[in-house]
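Engineer: here is a sequence together with a model predicted from it:
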Amino acid sequence: MKDLLPGESHRWRHVESLLRELMDAYGYQEIRTPLLEKTELFKRSIGEVTDIVEKEMYTFEDRNGDSLTLRPEGTASAVRAAIENGLMQGQSLRLWYLGPMFRHERPQKGRYRQFHQLGVETFGVATPDMDAELIALSARLWQRLGLHGLELQINTLGTPACRQDYRQILVNYLEKYRSDLDEDSQRRLHSNPLRILDSKNPQMQALIEGAPRLMDHLDGESQEHFAQLQAYLASMDIPYRINTRLVRGLDYYTRTVFEWVTTLLGAQGTVCAGGRFDGLVEQLGGGATPAAGFAIGLERLLAMLEDQQLLPAVAAPDAYLIASGQQAQAQALRLAEDLRRQVSGLRLLVNCGGGGFKAQFKRADRSGAQLALLLGDEEAQAGNVGVKYLRAEQPQLTLSTAALVELLKDTVRAARTTSTGV
Ligand code: ATP
Ligand code: MG
């Protein structure tokens, strides 16, 4: 679990504000749910025989003896909240959320115990135009961020019924190689054999490559759904690769699954993952409601953006107000309030804690500000402010407050159009 320090937080804000803009542009609405849920919710939605539920959840008993869990993902909570509040009744719904998730994993690059996801969930639409919109939305995000190096992989898992037939075929195959299966896979051979296809163990890859393909055992409607999805993607010029081994680590998916994958981050290469989960709402006690969504791992996204130098530098203040002398100090805070009110977007630091002129000047310089505003008793009396350029060779000025306001407006305008970084 990491602290997000002042030198980094502005990068998150940059990405987050872009995300919010994008969600508005596509008509998605934000939902904020509690970080804690009853443990039962995750067991029922994610599935008992998954990495998350078997070994990654932070679970504890509260004072009433109820078993609670810090959310390891957001879909279950979104579905629960939508059911409880009747949000899905007679209408389709497009939701998003952003926040921390908790999984007790082995920490490594791109894998943390508290990490952040942007989650997007839609309810009430079964047709593949919705799957395609979700993929287009994620593709648009990479484009807006200027990011390159992500590949879209898609697959279909069909319906639970055709998966049931395939499951037996897969088990028959895997049983022939029982002794080659790793410990997790041996355990899952009968409880959840599809999950074996999702194994990250390099020793298992050849065996997985040779397994019969779910793709070859799909029902006609699922095949049609998948074909239509591909047609939509082609019509929007979104390149993709079909990866028949893509099964996703959670039990609730049906039909479409997809991931955006990179080779630029090392072993943890999935930045965004999602798919369709038509059975989940009903499984959690709601009416039968088709659904689809995805989640982006923000730490991995930010790591990519950093590698590609697509993140903005820390935003320095525009100006630093220095006040020296009794009268000047008495007026400084009031002057700063006036300036902030009159100059929209102004970033103004006020020297607090006194200090001599020289010491204050040093602080002004260290703040990174473009301008030092100088208020001495003389200026205070005359209603003027001195202006010294800290980053440019320019003569010092003495300005009336009104003229200062105009200068600051220009400074803000110039700074915001050149230094956004993206
Ligand atoms: P992985 O196969 O990498 O364990 P997952 O299938 O468990 O991922 P999801 O539950 O689908 O992942 O979560 C969606 C995204 O959240 C992942 O693609 C990844 O970008 C991010 N993510 C998942 N677990 C972590 C973690 N422990 N630390 C950082 N990011 C994570
Ligand atoms: Mg995982």
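Structural biologist: That came through, no problem. Quick caveat, the model's predicted, so the values are computed rather than measured. Numbering: from 1, shown residues only. Ligands and ions are numbered 1, 2, ... in the order given.
Engineer: could you give the number of residues near the closest residue to ligand 1 within the chain?
Structural biologist: As assessed by CB to the nearest ligand atom, ligand 1 sits closest to Gly297 within the chain, at 2.2 Å. C-beta: built from backbone N, CA, C; applies to glycine. For Gly297, the neighbour count with other CB atoms under 10 Å is 22.
Engineer: dump the residue contacts of it.
Structural biologist: 110, 115-117, 270-272 (CB atoms under 8 Å, 6 or more residues apart in numbering).
Engineer: need the max-distance pair from those residues.
Structural biologist: His116 and Thr270 (14.9 Å; CB to CB).
Engineer: tell me how the protein divides into domains.
Structural biologist: 6-159+219-307, 319-420 (automatic domain parsing).
Engineer: mean neighbour count, these: which tops it?
Structural biologist: Of the domains of the chain, the one with the most neighbours on average (mean count of other CB atoms under 10 Å) is domain 6-159+219-307, at a mean of 18.
Engineer: skipping adjacent residues, who's closest to Gly110 in space?
Structural biologist: Gln268 (3.0 Å; CB to CB, 6 or more residues apart in numbering).
Engineer: kindly report the same for Glu73.
Structural biologist: Nearest one to Glu73, counting by CB to CB, 6+ apart, is Met101 at 5.7 Å.
Engineer: from what I see, that neighbour and Arg113 are in contact.
Structural biologist: No - taking contacts as CB atoms under 8 Å, Met101 lies outside contact range of Arg113: 9.6 Å.
Engineer: can you pull out the helices in the stretch 101-250 of the chain?
Structural biologist: 128-145, 160-175, 183-191, 205-209, 220-235 (DSSP state H, counting those that start in this stretch).
Engineer: tell me which of those approaches Ala313 most closely.
Structural biologist: helix 128-145 (16.1 Å).
Engineer: same question for stretch 155-164, mean pLDDT?
Structural biologist: The average pLDDT within stretch 155-164 is 90.
Engineer: try stretch 89-97
Structural biologist: Across stretch 89-97, the per-residue pLDDT values average to 94.
Engineer: gap between the two ends of that stretch?
Structural biologist: For stretch 89-97, the separation between the terminal residues is 20 Å (CA to CA, to the nearest Å).
Engineer: next, see if that stretch gets close to ligand 1.
Structural biologist: No - using CB under 6 Å from any ligand atom, stretch 89-97 stays clear of ligand 1, coming no nearer than 12.9 Å.
Engineer: and the residue of the chain closest to ligand 1, how far is that from Glu56?
Structural biologist: To Glu56, Gly297 is 14 Å away according to CB to CB, to the nearest Å.
Engineer: swap in Ala415?
Structural biologist: The value you get for Ala415 to Glu56, if CB to CB is used, is 44 Å.
Engineer: cool, and Pro312?
Structural biologist: From Pro312 to Glu56 the distance is 33 Å (CB to CB).
Engineer: again, but for Trp12
Structural biologist: 24 Å.
Engineer: tell me which parts of the stretch 101-250 of the chain are close to ligand 1?
Structural biologist: 103, 105, 110-112, 115, 117, 249.
Engineer: using JSON lines, lay out those residues together with distance to Asp237 and pLDDT.
Structural biologist: Shown next, in JSON lines, are these (distance: CB to CB, whole Å; pLDDT from 0 to 100):
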{"residue": "Arg103", "distance to Asp237": "35", "pLDDT": "98"}
{"residue": "Glu105", "distance to Asp237": "36", "pLDDT": "95"}
{"residue": "Gly110", "distance to Asp237": "29", "pLDDT": "92"}
{"residue": "Arg111", "distance to Asp237": "33", "pLDDT": "95"}
{"residue": "Tyr112", "distance to Asp237": "35", "pLDDT": "97"}
{"residue": "Phe115", "distance to Asp237": "32", "pLDDT": "98"}
{"residue": "Gln117", "distance to Asp237": "27", "pLDDT": "98"}
{"residue": "Gly249", "distance to Asp237": "30", "pLDDT": "64"}
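Engineer: and which of those is nearest Thr33?
Structural biologist: Gln117 (12.5 Å).
Engineer: which of the helices or strands spans the closest residue to the closest one other than its chain neighbours?
Structural biologist: The spatially closest residue to Gln117, leaving aside those adjacent along the chain, is Ala295, at 4.4 Å (CB to CB, 6+ apart). Take DSSP states H and E as the rule and Ala295 turns out to sit in strand 291-297.
Engineer: and whichever helix or strand comes after that strand, how far out from the chain's middle?
Structural biologist: Going down the chain from strand 291-297, the next helix or strand is helix 298-307, by DSSP H and E. Relative to the chain's own centre, helix 298-307 is displaced by 10 Å; criterion: CA atoms, centre = their mean, to the nearest Å.
Engineer: now do stretch 11-29
Structural biologist: For stretch 11-29 - counting by CA atoms, centre = their mean - the centre lies 10 Å from the chain centre.
Engineer: is the spatially most central residue of the chain bridged to anything, and to what?
Structural biologist: Nearest residue to the geometric centre of the chain (CA atoms, centre = their mean): Leu118, 3.4 Å. Counting by DSSP bridges, Leu118 forms beta bridges with Leu98, Ile296.
Engineer: so what's it up against?
Structural biologist: Taking CB under 8 Å, 6+ apart, one finds 19, 96-98, 295-296, 298 in contact with Leu118.
Engineer: model confidence for it, exactly?
Structural biologist: For Leu118, the predicted pLDDT is 98.
Engineer: distance of it relative to Leu41?
Structural biologist: For Leu118, the distance to Leu41 - CB to CB - is 21 Å.
Engineer: would you turn the domains of the chain into a markdown table with distance to Asn172?
Structural biologist: Converted to a markdown table, the domains of the chain look like this (distance: least, CB to CB, whole Å):
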| stretch | distance to Asn172 |
| --- | --- |
| domain 6-159+219-307 | 18 |
| domain 319-420 | 58 |
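Engineer: for Ser179, which of these is the nearest?
Structural biologist: Closest among the domains of the chain, using CB to CB: domain 6-159+219-307, at 21.2 Å.
Engineer: from the chain's centre, how far out does the closest one sit?
Structural biologist: Worked out by CA atoms, centre = their mean, domain 6-159+219-307 lies 10 Å from the chain centre.
Engineer: just to revisit the earlier point, redo the helices of the stretch 101-250 of the chain as a markdown table? Include distance to Ala78.
Structural biologist: Below are the helices of the stretch 101-250 of the chain laid out as a markdown table (distance: least, CB to CB, whole Å):
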| stretch | distance to Ala78 |
| --- | --- |
| helix 128-145 | 14 |
| helix 160-175 | 21 |
| helix 183-191 | 27 |
| helix 205-209 | 31 |
| helix 220-235 | 22 |
